[in-house]
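Novice: got a structure for you, letters missing:
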């Protein structure tokens with residue numbers, strides 16, 4: 001089976017009715033974006049909307065998670081974050097613990 005046949009098989013035909021103004025807008029958008037077809041334009045718009053919705057859900061989940069943490073858990077996470085930052089500052093091959101000690105010594109000077 002060719003790629004074109006496989007893509008066609010995975011598609012579902014949907015028809016819809018638009019107001020005259022909406023149809024004019026979509027045709028113009030199709031031309032401006034050089035979309036190969038209205039179907040391709042609508043598919044891209046829907047994919048963008050799906051990604052945006054998914055990102056909003058991920059952000060909401062992250063906010064809910066961090067809002068649910070106790071103060072002690074927030075402090076622990078902050079400590080792990082600082083340790084992670086030190087690993088980026090460490091020279092290749094240097095142990096993160098060595099970088100932490102050096103950072104503490106430098107900060108106390």
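Specialist: Done, it's in. The structure presented is a predicted model; accordingly, all values stated were derived computationally and were not measured.

Novice: just give me the neighbour total for the residue nearest to residue 35 when sequence neighbours are not counted.
Specialist: Computed as Cβ to Cβ, 6 or more residues apart in numbering, the closest residue to residue 35 that is not its neighbour in sequence is residue 41, at 4.1 Å. Yep, even glycine has a C-beta here, placed from its N, CA and C like the rest. A count of neighbours around residue 41, defined by other Cβ atoms under 10 Å, yields 18.

Novice: OK, contacts around residue 41?
Specialist: Listed by Cβ atoms under 8 Å, 6 or more residues apart in numbering, the contact partners of residue 41 are 26, 29-30, 33, 35.

Novice: the helix or strand encompassing residue 83 packs against which elements?
Specialist: For residue 83, the host element (DSSP states H and E) is helix 71-89. If you count contacts as 3 or more Cβ pairs under 8 Å, 6 or more residues apart in numbering; DSSP states H and E, helix 71-89 packs onto helix 96-108.

Novice: rewinding a little: possible to save the contacts of residue 41 as a markdown table with secondary structure?
Specialist: Listed next are the contacts of residue 41 as a markdown table, based on DSSP: H, G, I helix; E, B strand; the rest coil:
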| residue | secondary structure |
| --- | --- |
| 26 | helix |
| 29 | helix |
| 30 | helix |
| 33 | coil |
| 35 | coil |
